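Chemist: Build me a model from this:
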Amino acid sequence: MKASAAPMAVGDYCSAMAENRITVNRDYQRNPQIWKGEARSFFIESILLGYPIPKMFLYSKIDLRSRQTIKDIVDGQQRSMALFDFYNNKFRLSRNIDTEELKGRNYNQLEDEWKEAFLTYSLPIDQFAGVDETEVREAFRRMNSNNVPLNEEEKRNARYQGEFKWLVHSIATAFKDNFLRSGLMSKRDLIRMGDYKFIADVAYAQRYGVQTTKSKELDHIYRELDREFPDKDEFGRVLIGGLAGLISLTEFYGTALFKQHMAYAIVLAFIATNSGNPGLMAVVDAHSEDQYPDIRRLTLDDLLGLIDSDAPDAERHPFVVASSQKTNVREPRAVRIAYCYWAVQRHLRNEANN
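Modeler: The predicted structure is shown next:
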């Protein structure tokens, strides 16, 4: 069974919805209120900026009562309702979107060129016609079965649409080119939201202290800060400062210091330096010179040299052990952060003197 390409401009699509020539079929679709305001805003912004969106599917059939062709939405209800509500001036775009001139605006408040961009955007639609409805249901089942399974970060970003998710999104957008250029992330990492996971992991330590973080911990920060995040601006400023500190280390791009578990420690070292975060400073203070005699003497170059060294004594160094074993576990993380904190202090002093 084939579906034929039947692209349609947003204006024509919404007009057809208003006239009930395109309708939602509850056999296929979920509750129309699943998408929250932030997700709807991000989708509409994508339309206005001309970005591609996933294909939508309609089922064209004859309605015997009205003697008209009716099109059921097989796949794309959330997108359709977002389009229709914005077309009818029923919601304003979030102030958390990226495009300054679109923030907080409804359709009527758009400049004419934006209205034209919205109405003329060509929706990618495939249409089933001339087939039995049972075949359409089977096609829908197979489409959903063939989807690539979402990873945990993709699931979180689908589930949560509140303040924390959109803070992470804005930071990921701002740093994505730096993450690629530095070697911290690959293109595939970015496609599968590895940058979101990295930022959320750092944010968790900034908020709750250094822990072993698995999916439930990251779920917790998304859930806890989904609706209320009163210190979002200050929290975001500190988090961005830590990431900017990492990205400033251009001489180490592409080295072991930009492996994600190492970069995590360096970002948190910058956050501790910039903000005096009590939880992070407690980690630093817990790793004293009595236990780690060289902890205050090593530079970032020294740390990189230890990681890259083939010498047997280097392999036994506590920093190297913490950088090569159980890298997601709390105590190795804490050791790396403590060493990186003092190395960052030396780096910043040298920068100030040069």
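
Chemist: quick one, helices of the stretch 151-300 of the chain?
Modeler: Along the stretch 151-300 of the chain, the segments classed as helices by DSSP state H, counting those that start in this stretch run 152-159, 163-182, 187-191, 194-208, 215-224, 232-247, 260-275, 278-285, 300-308.

Chemist: Out of those, which gets nearest to V329?
Modeler: Shortest distance between V329 and those, using Cβ to Cβ, is found for helix 260-275: 10.4 Å. Where C-beta positions appear, they are placed from N, C-alpha and C, glycine not excepted.

Chemist: and the angle from that closest one to helix 194-208?
Modeler: Here helix 260-275 points in a direction 40 degrees away from that of helix 194-208 (axes from the mean of the first three to the mean of the last three Cα atoms, to 10 degrees).

Chemist: contacts for the lengthiest helix in the chain?
Modeler: The longest helix of the chain (DSSP state H) is helix 330-353. With Cβ atoms under 8 Å, 6 or more residues apart in numbering as the test, helix 330-353 has contacts from 205, 210-212, 245, 249, 261-262, 264-266, 268-270, 272-273, 280, 283-284, 286-287, 292, 295-300, 302-303, 318-319, 321-323, 325-327.

Chemist: buried subset of those?
Modeler: Burial by neighbour count, 16 or more other Cβ atoms under 10 Å: within the contacts of helix 330-353 this picks out 205, 210-211, 245, 249, 261-262, 264-266, 268-270, 272-273, 280, 283-284, 287, 292, 295, 298, 300, 303, 318-319, 322-323, 327.

Chemist: quick one: low-confidence ranges for the protein?
Modeler: 1, 26-36, 64, 141, 143-149 (pLDDT under 70).

Chemist: quick one: buried residues of the longest helix of the chain?
Modeler: Neighbour-count burial for helix 330-353 [16+ other Cβ under 10 Å]: 332-347.

Chemist: angle of that helix against helix 260-275?
Modeler: Using the same axes, to 10 degrees: helix 330-353 against helix 260-275 is 60 degrees.

Chemist: Just give me how far helix 330-353 sits from the chain centre.
Modeler: 27 Å (Cα atoms, centre = their mean, to the nearest Å).

Chemist: ok, back up a step: ok, of the buried residues of helix 330-353, which one's closest to H220?
Modeler: R333 (17.3 Å).

Chemist: Can you give me the distance of that closest one to K326?
Modeler: R333 is 9 Å from K326, where distance means Cβ to Cβ, to the nearest Å.

Chemist: and what of R346?
Modeler: For R346, the distance to K326 - Cβ to Cβ - is 27 Å.

Chemist: same question, S309
Modeler: Taking Cβ to Cβ, one finds S309 at 20 Å from K326.

Chemist: if we can go back for a sec, which one of the buried residues of helix 330-353 sits closest to P7?
Modeler: Nearest to P7 among the buried residues of helix 330-353: R333, at 49.9 Å, using Cβ to Cβ.

Chemist: State the distance from F179 to L123.
Modeler: Taken as Cβ to Cβ, the span from F179 to L123 is 32 Å.

Chemist: Comparing the two, which residue is more hemmed in?
Modeler: F179 (24 against 20; other Cβ atoms under 10 Å).

Chemist: For the more buried one, give me its contacts.
Modeler: For F179, the contact set (Cβ under 8 Å, 6+ apart) comprises M185, D189, L190, D195.

Chemist: Greatest separation within the residues you listed: which pair is it?
Modeler: D189 and D195, at 6.6 Å, using Cβ to Cβ across those.

Chemist: So between those two, which is more surrounded?
Modeler: Ranked by neighbour count (other Cβ under 10 Å), D189 and D195 place D195 first, with 25 against 18.

Chemist: List the contacts of that one.
Modeler: A172, F175, K176, F179, M185, D189.

Chemist: cool, and S324?
Modeler: Contact partners of S324, counting by Cβ under 8 Å, 6+ apart, are I307.

Chemist: what about it, distance to D308?
Modeler: 12 Å.

Chemist: again, but for E138
Modeler: From E138 to D308 the distance is 56 Å (Cβ to Cβ).

Chemist: now S215
Modeler: With distances taken as Cβ to Cβ, S215 is found 32 Å from D308.

Chemist: Ok, V10 next?
Modeler: The gap separating V10 from D308 is 54 Å, by Cβ to Cβ.

Chemist: Likewise for V238?
Modeler: Counting by Cβ to Cβ, the gap from V238 to D308 is 31 Å.

Chemist: So between these two, which is more surrounded?
Modeler: A direct count of neighbours by other Cβ under 10 Å for V238 and D308 places V238 higher, at 16 against 11.
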